[in-house]
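*Asks:* dropping a prediction and its sequence here:
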Number of protein chains: 6
Amino acid sequence: MVNIGFLKLGNLGMSQVINLIQDEIAAREGITVRVFGTGAKMSPAEAADTESFKQWNPDFVVIISPNAGAPGPTAARELWKDTPCIVVSDGPTKKEARQAFEDEGFGYIILPIDPLIGAKREFLDPVEMASFNSDAMKVLSICGVVRLIQEELDRVTEQVASGKSGKELELPHIFAKAEKCVEHTGFANPYAKAKALAALHMAEKVAQVNFPACFMLKDIEQVCLTAAAGHEIMGAAAQLATQAREIEKSNDTVFRQPHAKDGRLLKKTGLYEKPE
Amino acid sequence: MVNIGFLKLGNLGMSQVINLIQDEIAAREGITVRVFGTGAKMSPAEAADTESFKQWNPDFVVIISPNAGAPGPTAARELWKDTPCIVVSDGPTKKEARQAFEDEGFGYIILPIDPLIGAKREFLDPVEMASFNSDAMKVLSICGVVRLIQEELDRVTEQVASGKSGKELELPHIFAKAEKCVEHTGFANPYAKAKALAALHMAEKVAQVNFPACFMLKDIEQVCLTAAAGHEIMGAAAQLATQAREIEKSNDTVFRQPHAKDGRLLKKTGLYEKPE
Amino acid sequence: MVNIGFLKLGNLGMSQVINLIQDEIAAREGITVRVFGTGAKMSPAEAADTESFKQWNPDFVVIISPNAGAPGPTAARELWKDTPCIVVSDGPTKKEARQAFEDEGFGYIILPIDPLIGAKREFLDPVEMASFNSDAMKVLSICGVVRLIQEELDRVTEQVASGKSGKELELPHIFAKAEKCVEHTGFANPYAKAKALAALHMAEKVAQVNFPACFMLKDIEQVCLTAAAGHEIMGAAAQLATQAREIEKSNDTVFRQPHAKDGRLLKKTGLYEKPE
Amino acid sequence: MVNIGFLKLGNLGMSQVINLIQDEIAAREGITVRVFGTGAKMSPAEAADTESFKQWNPDFVVIISPNAGAPGPTAARELWKDTPCIVVSDGPTKKEARQAFEDEGFGYIILPIDPLIGAKREFLDPVEMASFNSDAMKVLSICGVVRLIQEELDRVTEQVASGKSGKELELPHIFAKAEKCVEHTGFANPYAKAKALAALHMAEKVAQVNFPACFMLKDIEQVCLTAAAGHEIMGAAAQLATQAREIEKSNDTVFRQPHAKDGRLLKKTGLYEKPE
Amino acid sequence: MVNIGFLKLGNLGMSQVINLIQDEIAAREGITVRVFGTGAKMSPAEAADTESFKQWNPDFVVIISPNAGAPGPTAARELWKDTPCIVVSDGPTKKEARQAFEDEGFGYIILPIDPLIGAKREFLDPVEMASFNSDAMKVLSICGVVRLIQEELDRVTEQVASGKSGKELELPHIFAKAEKCVEHTGFANPYAKAKALAALHMAEKVAQVNFPACFMLKDIEQVCLTAAAGHEIMGAAAQLATQAREIEKSNDTVFRQPHAKDGRLLKKTGLYEKPE
Amino acid sequence: MVNIGFLKLGNLGMSQVINLIQDEIAAREGITVRVFGTGAKMSPAEAADTESFKQWNPDFVVIISPNAGAPGPTAARELWKDTPCIVVSDGPTKKEARQAFEDEGFGYIILPIDPLIGAKREFLDPVEMASFNSDAMKVLSICGVVRLIQEELDRVTEQVASGKSGKELELPHIFAKAEKCVEHTGFANPYAKAKALAALHMAEKVAQVNFPACFMLKDIEQVCLTAAAGHEIMGAAAQLATQAREIEKSNDTVFRQPHAKDGRLLKKTGLYEKPE
């Protein structure tokens, strides 16, 4: 039995389903998944509270949060540095910062394409927040991000299953730019792939638009207009992603990789095909 | 400080954001949110593991899972019966079963409109699963479900904040049918509301379509065709929900309720309005 | 010459074109079609008036109406029981009631997927009524219902043409659920088929939503909101059906079965193919 | 009681619902509607058969067919000239021909915007035929045609109800071009009206495209391509009509005119308004 | 080096890009393109001013303007009659007028499908004008018009390159009706082609709608409603064209003909193919 | 009479209509517009050829080209420095470079949101080029760019009309970022404005995606996939812009500024309003 722990500090688009993607129909044997989360906040106080989760003794943990360079996630890494640990976050986007993670023994999957929400009280309420996360998940799922992460987590899981542990584990070190993610779509049609790539680029653009809304603008009209524009881009990206998948459906070439009971990745393409 | 615990067993559409909706910009003071989750599985073994979470001492917990009548969620309730506890699930839909919850001291919000996924290995892979959850969240957010739950959780939170505890807390007992949820959309335009109601009804229909796919059909073509049809209905529901919100946007009547720093619900309608 | 009579009592979605589908370009030899209709009403008085149509002496008749179990259609069947007679209706949906039809010598095609309109004065006017029927026809035509019925009527027609008559005729006994109808789409792409199946399920859901609007709710807001939601589901179903056919068009696999002059069903798939 | 007879020879888009539009919820008192139809064909033989319908003694009849100048409809008029009679058709579009109708005592409503179907065996099958009629009905209902006709029929009905009969009745003489029809939409938003007008013009264009496909082209590729183009224009027109109505819905200004029990036309605009 | 001159009088949809289509990536050797334009106006005064352009000495010129029969374009032709000259315009649509051009030695490509804008001050402003031209260009590009013209201009260019000049040049004489244009789409899917043909027919219909708005109607409501309807048809045509290309993209059959450095037309179909 | 000259070197999205936007219905008195263009190319050779245009003696000229810092446009400015001259281009985006223009006496409007086309032979052919320009124009027209430029050109025109000339003219110095352009939409609905802002940001993103495709990538698959993604973003931006305008249409708040005969800008909002 491989014990996989997820520490969720604050919320990234990918946080919504990351603990589900290795066992989509809840029928996989050989893994146990447990999650400890801290809600919307991600300060050092939240990080400190993850300590209690240690008693469970995971074989490896995934720490997922926005901005892994912020104090909270940094404190969490400090706390968990003796457990094999994969950081999933939208940053740091700078190469040296990622190298530092690697040097300290952490694995990472950095997702600049996980979009920054327009987190201002003047604009965001629970409904808008949840609706934005829906759009984010549409792009993350269809455009290769979900599969990229799932394959990496499965790879580490397999190492544990085959007897490795602790420092022996090879952890991923991936800067998952749009171009990289799109390679995991499994799309057969090149225009579907182009649409997916476009959607990812648009998701990344959202951060550029929402960043000033979140941290620089003061005027309420400017804040609301800008954040609303950011969310419109995200909505358009979700539509483009949907359109991409519709193309694959129209050609009956949707590539699927369900997990077998024993955790192996099966494959199928035609809707009526048996996964094998 | 109010301590709010979330126990997530398996995955419901609503599970994705339920721990975020009381603190959408991560700036609310006076509450601490912690989550313990068990991934995709929800057997009694998973339920037993929630024990460890008790040391944190939440003022109340939300137990969210599919089918609250299943053995795992039932075991979890048994374990947590001495803590004020709100069950969030897509069932039981029978009145007596819900009454039994109430009699045992549990609060509940039952969501027949949280759609049943087509959880068959022949059809579902991690990508399809995440994409379906995106569609579910689109309907849940826009069509009133997110707000209904957020308001109920805020109501219990307030009771704790005002000094009540344990059995003193009044917990919600809500069977959240489509007609009830839609009243929480805050929509000004009646056709937008009709579209939201339609989307909720369609989400509920998904369960009727996917149930045989999940539990009765054997032939692989029938399983895949049926589950795919279920997911198509969900996709169409998400589009209808989006269209509903677009109407409100076109009239600049999107109703928003962001949380103030102290947790009060502010209100605004025009995009440029200050929430108050 | 085969004489085919249609008795239309009240209006079903399928009523709009049922007398046209055996002779789509008005060039088929060997059949004569006559229709007697009673407008929107379908009481026993209307049924009684169909008597006059008997003088025409049809080889078989189709009695199409909503709810074949209602007094009017029942009276009509009583009147026409000595003529071979096929009942087309959206109900009865109960097995025993259909068996009773069969026992009495009637053929039937019951269409639970022919949607119930929101027939309340507070909501429905002639424009809304006609627009709803357009949506219904979009689903009925694309999703297999038109073809299913046409093939059954052609089958009976052929029997008459080959010399059978009266009790010798084998009449159809079909409960045309969504799953059955979709098999008559002739779709090559399985996702197109899944969309069609979804559209049919949605059309069936319309009745569940509109039934309380028509017969139970009193409050005008509830009536109008509910009926409007029912019509929104129908509109979404029509769009999904359209999308399904667009997939087939995008693959040049639209299956067509035009009638030859002598009534044989020809077949073609590619748009430029000659029907044969 | 006013007896209203409908004679349907062949099929016009408007034929599908014309006998329903005076009594949309089947609850109107004071009128009796009976229909005699001849299926897809409309030759003099069909016309002759309408004779039997005379025994019913309608106060006035509507003869609806394509091309009222063709031999069949002409024969029907000859047969029915002693009954007050309103011709509904897509032609004749020439003024003199319409004047001749008037001179002979017929009323008429000529609808150049009722689209000509691509009636070639190489292209049209029952499914395509029904689907095209759905698109036609979408335009006819939303863009004012249904209401124009309903109001005219109600006007004649009222005359009978108030004691007039035979030659005393004032029958309509209307050449219902796009510009005239659109005035009956009741649209409040001028762009919605412009879209409706555009849809009507496009519906009229369909005839120009389909005419050569039906009557002049021989090459199968040319026939199929051209007819398919005609049907695409019709589909686009239906979408534009839908979009127009969506605008009115977004402003809660959908104008409705349901019939009261006694046949009076009630009016309402807001969805929740009581018709009065 | 072949010198190609473009004289633009007033604006036709096609005017926007006609001087770019022989050298789409600005890398073609062997041709020099120069343009002289007169803005929105096209009177004889404008025509007279094109004289100055003669000093450049083009091998042949393209005179593009609305209505080539109007005084301005006519004056321009008179001025340029000694240079090989191809007229590109939306008219004259009468055969004799085109024959007259040919008799006078002019080549021509007449585009009845280049849509007439609703050029009334009550309706058109710079934004509407530019937006309409965008829709026009969408149809012109996708539906074969751009390629038809580019191929004809390349053909004349080649003649010059191979040493011919003046009267020796064979100039095109093409009345580019919808049916002709659509043959240049290079579409593999016949329904895509049907949609393109439909879009072209709709573009042509725009002129019929806008003509009275521009030249006959006086009432401001009628002018604005009618011109708005014309522009709606154009918008719908642009969407249909887009949909057509999307079909080709979904099949990876987009036919492309980029120019090689030396001006040869290369060909490719699959997105990843090398043009050859 | 004010003489306005346009020098077009190569092609910018805005090049298509810039010489039309001051005289949208070709009825403005008091200005004469002439254009000299060089087709797709914009090297110093092309720039040199603009010399001939000087004989016309414009009061001011607009030099429009991609990348105003490139050798060709630079040479053109050198040649025209004694004429009042406004540079319109997508760059330079660096502040110092723009300041240098100003210091040399040039006006400028720099449009970072005019999108960079995917100008690679492996991807772009005349059809794709024209279709992309259509999408660009949709965003430029609806999202404020056309109006911003038109107003600035009108402002300079007015100065000439009122007797100023040469160095006396105050020329615009505008870096037209998305935020600035969107202020010229005249949109009443803030969500329409947010959509327009989003579309502009997406148009700007296109350059970031297409730049490597145009200048860095070598592998044909990478080039084609990337350029196709860039064009998909542009297409999505055009759709979002369209959606924005549809909102304004649905509220009958489309702001229009047609030119009066004498060049004054009139204003109107409701479709049926008289411009004043």
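*Replies:* Structure received.
*Asks:* who in chain A is up against chain C?
*Replies:* Within chain A, the positions near chain C by C-beta under 8 Å from any C-beta of the partner chain are A:249-252, A:254, A:270-272. Any C-beta I mention is one placed from the backbone N, CA and C, and that applies to glycine too.
*Asks:* filter the residues you listed to the buried ones?
*Replies:* A:249-252, A:254, A:271-272 (16 or more other C-beta atoms under 10 Å in any protein chain shown).
*Asks:* just the ones of those in helices?
*Replies:* Those of those mapping onto helices are A:249-250, per DSSP state H.
*Asks:* sorry, back to before: reformat the residues of chain A next to chain C as JSON lines; add pLDDT.
*Replies:* JSON lines is the format used below for the residues of chain A next to chain C (pLDDT from 0 to 100):
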{"residue": "A:K249", "pLDDT": "98"}
{"residue": "A:S250", "pLDDT": "98"}
{"residue": "A:N251", "pLDDT": "98"}
{"residue": "A:D252", "pLDDT": "98"}
{"residue": "A:V254", "pLDDT": "98"}
{"residue": "A:G270", "pLDDT": "98"}
{"residue": "A:L271", "pLDDT": "98"}
{"residue": "A:Y272", "pLDDT": "98"}
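*Asks:* so where do the strands sit in chain A?
*Replies:* Applying DSSP state E to chain A gives strands spanning A:2-8, A:31-37, A:60-64, A:85-89, A:107-110, A:173-175.
*Asks:* now for these, which one comes closest to E:G105?
*Replies:* Minimum separation from E:G105 across the strands of chain A (C-beta to C-beta) falls at strand A:173-175, 65.0 Å.
*Asks:* could you spell out the sheet neighbours of the closest one, each with its direction?
*Replies:* The strands beside strand A:173-175 in its sheet (DSSP bridges) come out as strand A:107-110 (parallel).
*Asks:* what sits against the residue nearest to A:E179 when sequence neighbours are not counted?
*Replies:* Spatial nearest neighbour of A:E179, excluding adjacent residues (C-beta to C-beta, 6 or more residues apart in numbering or on different chains): A:L197 at 7.1 Å. Listed by C-beta atoms under 8 Å, 6 or more residues apart in numbering or on different chains, the contact set of A:L197 reads A:143, A:178-179, A:182, F:225-226, F:229, F:232.
*Asks:* quick one on the thing from earlier: the strands of chain A into CSV, with extra columns for mean neighbour count?
*Replies:* Listed next are the strands of chain A as CSV, based on neighbours: other C-beta atoms under 10 Å in any protein chain shown:
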stretch, mean neighbour count
strand A:2-8, 23
strand A:31-37, 23
strand A:60-64, 25
strand A:85-89, 26
strand A:107-110, 22
strand A:173-175, 17
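*Asks:* ok, so of the residues of chain A next to chain C, who is nearest F:L265?
*Replies:* Nearest to F:L265 among the residues of chain A next to chain C, with distances taken as C-beta to C-beta, is A:S250, at 47.9 Å.
*Asks:* shouldn't A:E152 be in contact with A:I174?
*Replies:* Yes: using C-beta atoms under 8 Å, A:E152 is in contact with A:I174, at 6.9 Å.
*Asks:* filter the contacts of A:L197 down to the buried ones and hand me the PyMOL line.
*Replies:* Selection of the buried residues among the contacts of A:L197 in PyMOL, burial being defined by 16+ other C-beta under 10 Å:
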select buried, (chain A and resi 143+178+182) or (chain F and resi 225+226+229+232)
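*Asks:* from the contacts of A:L197, pick the one nearest E:T50.
*Replies:* Using C-beta to C-beta, the contacts of A:L197 come closest to E:T50 at F:E232, 40.3 Å.
*Asks:* looking at the strands of chain A, which is nearest to B:F132?
*Replies:* Ranking these by proximity to B:F132 (C-beta to C-beta) places strand A:31-37 first, at 19.2 Å.
*Asks:* run through who's touching the closest one.
*Replies:* With contacts defined as C-beta under 8 Å, 6+ apart, strand A:31-37 is touched by A:1-9, A:15, A:19, A:22-23, A:50, A:52-53, A:56, A:58, A:157, A:263, B:6, B:8, B:19, B:33-41, B:49.
*Asks:* do the same with stretch A:84-101
*Replies:* With C-beta under 8 Å, 6+ apart as the test, stretch A:84-101 has contacts from A:12, A:14, A:18, A:59-69, A:73, A:77, A:105-112, A:114, A:116, A:149, A:152-153, A:156, A:165-167, A:169, A:171-173, A:175, A:207.
*Asks:* now swap in stretch A:248-259 and tell me
*Replies:* With contacts defined as C-beta under 8 Å, 6+ apart, stretch A:248-259 is touched by A:22-25, A:28, A:147, A:185-189, A:192, A:245, A:265-271, A:275, B:121-128, C:189-192, C:247, C:250-251, E:250-251.
*Asks:* so which of those are in helices?
*Replies:* With DSSP H as the criterion, helices contain A:147, A:192, A:245, B:126-128, C:190-192, C:247, C:250, E:250 from among these.
*Asks:* re the thing from before, could the strands of chain A go into a markdown table alongside mean pLDDT?
*Replies:* Conversion of the strands of chain A to a markdown table gives the following (pLDDT from 0 to 100):
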| stretch | mean pLDDT |
| --- | --- |
| strand A:2-8 | 98 |
| strand A:31-37 | 97 |
| strand A:60-64 | 98 |
| strand A:85-89 | 98 |
| strand A:107-110 | 98 |
| strand A:173-175 | 98 |
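*Asks:* of the ones you listed, which is nearest B:K218?
*Replies:* strand A:31-37 (27.1 Å).
*Asks:* what residues does the stretch 101-250 of chain A have near chain F?
*Replies:* Counting by C-beta under 8 Å from any C-beta, the residues of the stretch 101-250 of chain A lying close to chain F are A:179, A:190-191, A:193-195, A:197-198, A:201-202, A:205, A:208-209, A:224-226, A:228-233, A:236-237, A:239-240.
*Asks:* report the buried members of those residues.
*Replies:* Neighbour-count burial (16+ other C-beta under 10 Å) applied to those gives A:190-191, A:193-195, A:197-198, A:201-202, A:205, A:209, A:224-226, A:228-233, A:236-237, A:239-240.
*Asks:* doesn't A:M42 make contact with A:A75?
*Replies:* No: under the criterion of C-beta under 8 Å, A:A75 makes no contact with A:M42, lying 9.7 Å away.
*Asks:* comparing the two, which residue is more hemmed in?
*Replies:* A:M42 (24 against 19; other C-beta atoms under 10 Å in any protein chain shown).
*Asks:* look up the closest residue to that one, ignoring the ones flanking it.
*Replies:* On the basis of C-beta to C-beta, 6+ apart, the spatially nearest residue to A:M42 that is not a chain neighbour turns out to be A:G10, at 3.4 Å.
*Asks:* identify the residues contacting the one you found.
*Replies:* Contact analysis of A:G10 by C-beta under 8 Å, 6+ apart lists A:38-42, A:46, A:65-66, A:72, B:26.
*Asks:* okay, those residues in JSON lines with distance to C:I220 next?
*Replies:* What follows is the contacts of A:G10, written out as JSON lines (distance: C-beta to C-beta, whole Å):
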{"residue": "A:T38", "distance to C:I220": "48"}
{"residue": "A:G39", "distance to C:I220": "43"}
{"residue": "A:A40", "distance to C:I220": "42"}
{"residue": "A:K41", "distance to C:I220": "47"}
{"residue": "A:M42", "distance to C:I220": "50"}
{"residue": "A:E46", "distance to C:I220": "51"}
{"residue": "A:S65", "distance to C:I220": "51"}
{"residue": "A:P66", "distance to C:I220": "48"}
{"residue": "A:G72", "distance to C:I220": "53"}
{"residue": "B:A26", "distance to C:I220": "44"}
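*Asks:* could you dump those to JSON lines with pLDDT?
*Replies:* Output for the contacts of A:G10, formatted as JSON lines (pLDDT from 0 to 100):
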{"residue": "A:T38", "pLDDT": "94"}
{"residue": "A:G39", "pLDDT": "94"}
{"residue": "A:A40", "pLDDT": "97"}
{"residue": "A:K41", "pLDDT": "97"}
{"residue": "A:M42", "pLDDT": "97"}
{"residue": "A:E46", "pLDDT": "95"}
{"residue": "A:S65", "pLDDT": "98"}
{"residue": "A:P66", "pLDDT": "97"}
{"residue": "A:G72", "pLDDT": "98"}
{"residue": "B:A26", "pLDDT": "97"}
